[in-house]
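Student: okay, sequence plus prediction incoming.
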Amino acid sequence: MPPMDFWESKVLKSLDPVVKNSTLIKVNEAKIAEVASWMAYEEFGKPDGSSLFNFGDDPDFLMDLTLTVNTMNFAFTNFDTGVKYETDYNGRRYSDSEAMMANLHRAVAEGIPFFDGAYQANMVRADLEQVFQGTIEMPMLDERVKIFNEVGEVLVAKYEGKWHNFVRSCAPRLYADGNGILERLTTEFPRFADVSEYHGSTIQLYKLPQLGIWGLHLALMPRKAWALEDAHLLTAFADYIVPVGLRVMGIFEYAPELEAQINSLTEVPRDSAAEVEIRANSIYAIARLTEEVNARRVGLEPLLMPQVDFRLWKAYHATHWPHHLTRTVMY
């Protein structure tokens, strides 16, 4: 795979109108090169199939788990207070999506059939309140119930209630003339249709569907149970956290009014120019950073964009630096 191949990603190509016309965010190319000059020499581990919690080795269950997780992997900060959702499990406190995973691990131990489509189709608010106990109520519980009901109904109607049946019915590629797993995930399940309009152009962002597919690849490729054949086309996952890392590193420069909006915890509306520019430029900046890091790793296997994305997410997902707040089910 040539290192530059990832610019053929349909998601990256769709960002062009935003990258060229942003007025609230500047991507500092000199800072990208500066960060790459030291990040290139960090260790980037290769996928080994392990995860923060042990959910076993059954490929079907890991498929069900991964896509269920990405059905609800959004909004872990209280929109009024800026306080993040956390939970205590096995003597340790977990934050953000790691707190969600801790509670799912506990749910498995308690025998709750959380990953079954029929359970999801009939889910009520009390079910989520029971599973996701934490330091605060997990934000947007009602929206999560509605999403699970809708997704569960599709799984029951078309895939015998199991995500693994959907995965195995798709080509193991993002793009395959409509039969690719990303193509089908974003058309058969409206909750994953993460696109925004920007001055008349449709911008593909696809945070959760791509993250779910990357999770499948990480878990199953080392087990030789399933692998994504065009993983190099996966982009960064446009969320709340990666822009913080880009801002702290100086790669992002915000217009004063956007900086003030974020720092004051004033909501950035979904599909506003500010929100689309934050997300689209995050994907673009990680692509550029990946390109610059790879240029300095001569003779080594090129990094994929999700690997560089995770480097920033892991470092900043629990930071106290303010991130933008957008009330959305997409991230």
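Tutor: Okay, I see it. Bear in mind the structure is a predicted one, so any value in this text is a computation, not a measurement.
Student: and Thr77, what are its phi and psi?
Tutor: With angles defined as degrees, to the nearest 10, Thr77 sits at phi -120, psi 130.
Student: could you pull out the strands for the protein?
Tutor: 25-27, 86-89, 92-95, 195-198, 201-204, 252-254 (DSSP state E).
Student: Thr66: which of those strands is closest?
Tutor: strand 92-95 (18.0 Å; C-beta to C-beta). Heads up, the C-betas are built off the backbone N, CA and C, glycines and all.
Student: the closest one pairs with which strands, parallel or anti?
Tutor: Strand pairing for strand 92-95, using DSSP bridges, gives strand 86-89 (antiparallel).
Student: picking that back up, tell me which of the strands of the chain lies nearest to Glu110.
Tutor: Here strand 86-89 is closest among the strands of the chain (C-beta to C-beta), at 12.4 Å.
Student: what about the closest one, average pLDDT?
Tutor: Averaging pLDDT along strand 86-89 gives 97.
Student: enumerate every residue touching the closest residue to Val248 other than its chain neighbours.
Tutor: For Val248, ignoring the flanking residues on the chain, the nearest one in space by C-beta to C-beta, 6 or more residues apart in numbering is Trp321 at 6.1 Å. The neighbours of Trp321, taking C-beta atoms under 8 Å, 6 or more residues apart in numbering as the test, are 244, 247-248.
Student: circling back: let me have the strands of the chain in TSV, extended by mean neighbour count and distance to Gly212.
Tutor: Formatted as TSV, the strands of the chain follow (neighbours: other C-beta atoms under 10 Å; distance: least, C-beta to C-beta, whole Å):
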stretch	mean neighbour count	distance to Gly212
strand 25-27	18	27
strand 86-89	17	22
strand 92-95	16	20
strand 195-198	17	16
strand 201-204	17	15
strand 252-254	19	26
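Student: now do the phi/psi pair for the spatially closest residue to His323 that is not a sequence neighbour.
Tutor: For His323, ignoring the flanking residues on the chain, the nearest one in space by C-beta to C-beta, 6+ apart is Tyr240 at 4.3 Å. For Tyr240, the backbone dihedrals (degrees, to the nearest 10) come out as phi -90, psi -30.
Student: tell me if I'm right that Tyr240 and Phe79 touch.
Tutor: No - using C-beta atoms under 8 Å, Tyr240 makes no contact with Phe79, being 11.3 Å away.
Student: so between these two, which is more surrounded?
Tutor: Tyr240 (26 against 14; other C-beta atoms under 10 Å).
Student: quick check: pLDDT value at that one.
Tutor: pLDDT for Tyr240: 93.
Student: for Met1, same thing?
Tutor: 40.
Student: quick revisit: how close does the residue nearest to His323 get to Gln120?
Tutor: Separation of Tyr240 from Gln120 (C-beta to C-beta, to the nearest Å) stands at 25 Å.
Student: give me the number of residues near Asp116?
Tutor: Asp116: 18 neighbours (other C-beta under 10 Å).
Student: not including adjacent chain positions, what is the nearest residue to it?
Tutor: In space, Asp116 is closest to Gly161, 5.6 Å off (C-beta to C-beta, 6+ apart).
Student: do Ala33 as well
Tutor: Closest to Ala33 by C-beta to C-beta, 6+ apart is Glu292, at 5.7 Å.
Student: for the closest residue to Arg288 other than its chain neighbours, what are its contacts?
Tutor: Excluding the flanking residues, the one nearest Arg288 by C-beta to C-beta, 6+ apart is Ile32, at 5.2 Å. Residues counted as contacts of Ile32 (C-beta under 8 Å, 6+ apart) are 251, 285, 288-289, 292.
Student: quick check, nearest of those to Asn149?
Tutor: Of all these, Ala285 has the smallest distance to Asn149: 36.1 Å, by C-beta to C-beta.
Student: show me what contacts the closest one?
Tutor: Residues in contact with Ala285 (C-beta under 8 Å, 6+ apart) are 27, 32, 236, 246, 251-252.
Student: circling back to that earlier point, buried members of the contacts of Trp321 into PyMOL, please.
Tutor: Remark: buried members of the contacts of Trp321, expressed as a PyMOL selection using 16 or more other C-beta atoms under 10 Å:
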select buried, resi 244+247
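Student: in a markdown table, list the contacts of Trp321 along with pLDDT.
Tutor: Formatted as a markdown table, the contacts of Trp321 follow (pLDDT from 0 to 100):
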| residue | pLDDT |
| --- | --- |
| Val244 | 97 |
| Arg247 | 98 |
| Val248 | 97 |
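Student: can you put the contacts of Trp321 in a markdown table and add distance to Asn70?
Tutor: A markdown table is the format used below for the contacts of Trp321 (distance: C-beta to C-beta, whole Å):
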| residue | distance to Asn70 |
| --- | --- |
| Val244 | 21 |
| Arg247 | 25 |
| Val248 | 26 |
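Student: ok, the contacts of Trp321 vs Arg327, which is closest?
Tutor: Closest to Arg327, out of all of the contacts of Trp321 and judged by C-beta to C-beta, is Val244, at 18.1 Å.
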